[in-house]
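[1] coords below, sequence missing:
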């Protein structure tokens with residue numbers, strides 16, 4: 001299902017938490033939704049699900065406004081705090097969730113078994129939810145979000161409390177689900193976003209400040225490209241001076257003079273790789289290594305959200 005968020009504004013009292021937010025999510029896409037605490041991520045997700053209203057704008061899902069209430073059955077939602085009935089056994093809770101979501105009576109038991117297998121809850125299925133670890137409670141929350149086979153999944157911090165092995169399992173599950181469903185995924189674990197999501201939105205102070213793939217965002221954020229270089233050259237060679245004379249080079253700094261290691265900073269928009277390679281070849285300076293330092297998603301995130 002296609003999701004269109006159109007000029008959505010939201011106030012809590014006098015505080016504007018969403019400021020004319022607009023974006024679109026297409027079917028079969030996993031969208032990573034990033035932002036610092038208080039940026040408006042959870043509020044946006046709650047508005048998409050119909051859990052809370054908006055002050056202006058609209059959210060349209062498959063041609064229908066969320067204001068009609070007709071879109072709720074198409075959405076599976078895992079909230080950030082994952083509210084659960086701790087005194088219920090896992091199996092009973094999933095049966096209860098299936099009934100609430102309108103699963104046909106004759107299909108409930110099959111759906112419960114399917115969700116238990118899908119989320120790895122078989123050994124825990126007869127335990128009270130209150131007896132489970134935080135990681136397994138998260139799996140129960142994911143199972144209830146999926147039990148009615150929704151076409152849209154809204155997942156707010158789905159890997160919270162999971163160990164590294166469980167994170168990988170849930171990541172693969174989300175990627176598999178993303179082949180058939182529209183998924184919006186919020187998380188603070190940036191490597192997870194790069195490993196899981198097709199596209200990334202970054203929100204800050206209620207406004208969308210970035211939209212694109214992780215590669216696109218890194219390229220947009222790149223300023224001066226950096227190279228780490230190690231050469232094997234005689235001590236009397238004036239290497240640094242000659243490299244500094246190259247048209248693309250802004251600065252050269254020595255990391256370790258004894259080992260021939262130094263960093264090269266290029267002018268914004270330029271790269272020095274080729275010029276340095278040609279210079280070394282011309283002077284017979286053996287290159288041991290020349291490593292470009294890539295802009296990380298963490299750097300992009302900080303640049304866009306620290307102001």
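    All right, it came through fine. This one's a predicted model, so the numbers in the text were calculated from it and none came from an experiment. Residues are numbered from 1 along each chain as shown.
[2] for the chain, what spans make up the helices?
    41-49, 90-100, 108-118, 134-146, 164-177, 190-196, 214-221, 239-244, 273-283, 297-305 (DSSP state H).
[3] OK, contacts around residue 6?
    For residue 6, the contact set (C-beta atoms under 8 Å, 6 or more residues apart in numbering) comprises 22, 57-60. Any C-beta I mention is one placed from the backbone N, CA and C, and that applies to glycine too.
[4] now do residue 53
    For residue 53, the residues meeting the contact criterion (C-beta under 8 Å, 6+ apart) are 47, 67.
[5] In this structure residue 163 contacts residue 136, no?
    No: the criterion here is C-beta atoms under 8 Å, and residue 163 misses it with residue 136 at 10.7 Å.
[6] The two: which has the busier surroundings?
    residue 136 (21 against 11; other C-beta atoms under 10 Å).
[7] Which residue comes closest to the more buried one once chain neighbours are left out?
    The shortest distance from residue 136 to any residue that is not its chain neighbour, by C-beta to C-beta, 6 or more residues apart in numbering, is 5.3 Å, and that residue is residue 124.
[8] Please report the distance of residue 68 from residue 51.
    Separation of residue 68 from residue 51 (C-beta to C-beta, to the nearest Å): 15 Å.
[9] which of those two has more neighbours?
    Each of residue 68 and residue 51 has its neighbours counted (other C-beta under 10 Å); residue 51 has more, 16 against 10.
[10] Look up the pLDDT of that one for me, please.
    Residue 51 is assigned 91 on the pLDDT scale.
[11] how far away is it from residue 161?
    Residue 51 sits 22 Å away from residue 161, going by C-beta to C-beta.
[12] Is it correct that residue 124 is in contact with residue 90?
    Yes: in this structure, residue 124 sits in contact with residue 90. The criterion is C-beta under 8 Å, and the distance is 5.9 Å.
[13] Common neighbours of the two, please.
    Jointly contacting residue 124 and residue 90 under the rule C-beta under 8 Å, 6+ apart are residue 132.
[14] gap between stretch 75-88 and the chain center?
    Using C-alpha atoms, centre = their mean, to the nearest Å, the distance from the centre of stretch 75-88 to the centre of the chain it belongs to is 21 Å.
[15] Tell me the spacing between the closest residue to residue 305 other than its chain neighbours and residue 21.
    Ranked by C-beta to C-beta, 6+ apart and with sequence neighbours excluded, the top spatial neighbour of residue 305 is residue 204, at 4.5 Å. In this structure, residue 204 and residue 21 are separated by 11 Å, where distance is defined by C-beta to C-beta.
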